[in-house]
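J.: need the 3D shape of this:
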Amino acid sequence: MEREFLHGVGTARRILPQYASVFRTAEGNTTFYGLPSAETVARWAMEAPEDFRFCFKFPRAISHEQQLDGGAEAETRRFFERLAPLAGRCGPFFLQLHESFSANRLETLRTFLEKLPNDFTYAVEVRHRDFFDGAEKEQALDRVLGEACVDRVNFDPRGLFATQATDDFTRDAVRKKPRVPVRFTAIGARPFVRFVGDPEIEKNATIFEEWAAILARWIKEGRTPYFFVHHPDDGLAPAMARSLHRRVYARDPAVREPPIWPSENDRSSAAQLDLF
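T.: Got it, this is the predicted structure:
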């Protein structure tokens, strides 16, 4: 149960080790926009601990431009080849489908998933309204994912959309994030959640209590949830992640309590650095 961290404090050469001293996984959004250099992948492999897990996002060339057709197979092969040095430290790769990808293309998704390497695990995020009908089309999606042993990404923007946007970070997030119904779906062993919260951390308390109960149940069922916390200003996300983590810890003391983020109180250079 971790969070995405895009901006931090320190130097670009130090941020991954610093991050990994607190969190056990990271959501790698950068691969959505393009493949990292071989040198960057090698540095990540050197700096990350053996038990750290990278959750990389499929490139948009595959999910949005090709929409799993056309040149998607070649692009997918290049994607995994570039990340090969991190093969032993990858959590679920996640595929975010374009909002136009509807239920009538489920066979395309099934075929794509069948061709993915068996060495890794995966999760799929859908945005088309077909997949939130609570009936036949949504059930068909969950069957396709279950048959492929692929988890569904549960995207929860409720905290974000409940706020009154008063700063540029929040207004930008409200404009960009999809308004989809929240789901609490655990298909396989690694339930996957992406949460975008209210910028005032304490205002997420009710939603966090709900998620804490669900996460504690999943853990007791023997599952390993991947929970990524987003904040409109991601420099504040570590504190929000711990707010949720403490609630899970209160329900299940076997969940470790995370240490303090090393430079959390120094916000002066937060926007300058990238983990990925």
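
J.: please count neighbours and contacts with C-alpha atoms only from this point.
T.: Fine.

J.: mind listing the strands for the stretch 51-200 of the chain?
T.: All strands of the stretch 51-200 of the chain, identified by DSSP state E, counting those that start in this stretch, fall at 53-56, 93-96, 122-125, 151-156, 192-196.

J.: and of these, who's closest to Ile15?
T.: strand 53-56 (14.6 Å; C-alpha to C-alpha).

J.: which strands or helices does that closest one pack on?
T.: Counting contacts by 3 or more C-alpha pairs under 8 Å, 6 or more residues apart in numbering; DSSP states H and E, strand 53-56 packs against strand 25-28, strand 93-96.

J.: switch these over to TSV; also include mean pLDDT.
T.: Formatted as TSV, the helices and strands packed on strand 53-56 follow (pLDDT from 0 to 100):
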stretch	mean pLDDT
strand 25-28	92
strand 93-96	98
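
J.: still on that earlier bit, please identify which of the strands of the stretch 51-200 of the chain is closest to Leu244.
T.: Comparing the strands of the stretch 51-200 of the chain by C-alpha to C-alpha, strand 192-196 comes nearest, at 10.8 Å.

J.: so what touches the closest one?
T.: Residues from elsewhere that reach strand 192-196, judged by C-alpha atoms under 8 Å, 6 or more residues apart in numbering: 123, 151-160, 186, 225-232.

J.: and the angle for that strand with strand 151-156?
T.: Here strand 192-196 runs at an angle of 20 degrees relative to strand 151-156 (axes from the mean of the first three to the mean of the last three C-alpha atoms, to 10 degrees).

J.: oh, and call the first residue 650 from now on, that's how I've got it
T.: Sure, I'll start numbering at 650, so the last one becomes strand 841-845.

J.: and strand 841-845, C-alpha only, in PDB?
T.: Listed next in PDB are the C-alpha coordinates belonging to strand 841-845 (Å, rounded to 0.1, in the frame of the first residue of the first chain):
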ATOM      1  CA  PHE A 841      -4.800  -2.000  -7.500                       C
ATOM      2  CA  VAL A 842      -6.200   1.400  -6.400                       C
ATOM      3  CA  ARG A 843      -5.400   5.000  -7.600                       C
ATOM      4  CA  PHE A 844      -6.700   7.600  -5.300                       C
ATOM      5  CA  VAL A 845      -6.800  11.400  -5.900                       C
END
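
J.: what's the mean pLDDT across that strand?
T.: Averaging pLDDT along strand 841-845 yields 97.

J.: buried residues of the next helix or strand after that strand, list them for me.
T.: Sequence-wise, the next helix or strand downstream of strand 841-845 (DSSP states H and E) is helix 854-869. Under the neighbour-count criterion of 16 or more other C-alpha atoms under 10 Å, helix 854-869 has 854, 857, 860-861, 863-865, 867-868 buried.

J.: between those residues, which is nearest Thr757?
T.: Nearest to Thr757 out of these is Trp867 (C-alpha to C-alpha; 30.1 Å).

J.: wait, that closest one touches Pro874, no?
T.: Yes. Here Trp867 lies in contact with Pro874, judged by C-alpha atoms under 8 Å, at a distance of 7.1 Å.

J.: which residues in this protein form helices?
T.: For the chain, the helices defined by DSSP state H occupy 664-669, 679-682, 687-696, 709, 721-731, 755-763, 785-796, 807-811, 817-825, 854-869, 886-900.

J.: in TSV, list the ones you listed along with distance to Phe742.
T.: Below are those laid out as TSV (distance: least, C-alpha to C-alpha, whole Å):
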stretch	distance to Phe742
helix 664-669	18
helix 679-682	11
helix 687-696	16
helix 709	13
helix 721-731	10
helix 755-763	12
helix 785-796	14
helix 807-811	24
helix 817-825	22
helix 854-869	20
helix 886-900	21
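
J.: lovely, talk soon.
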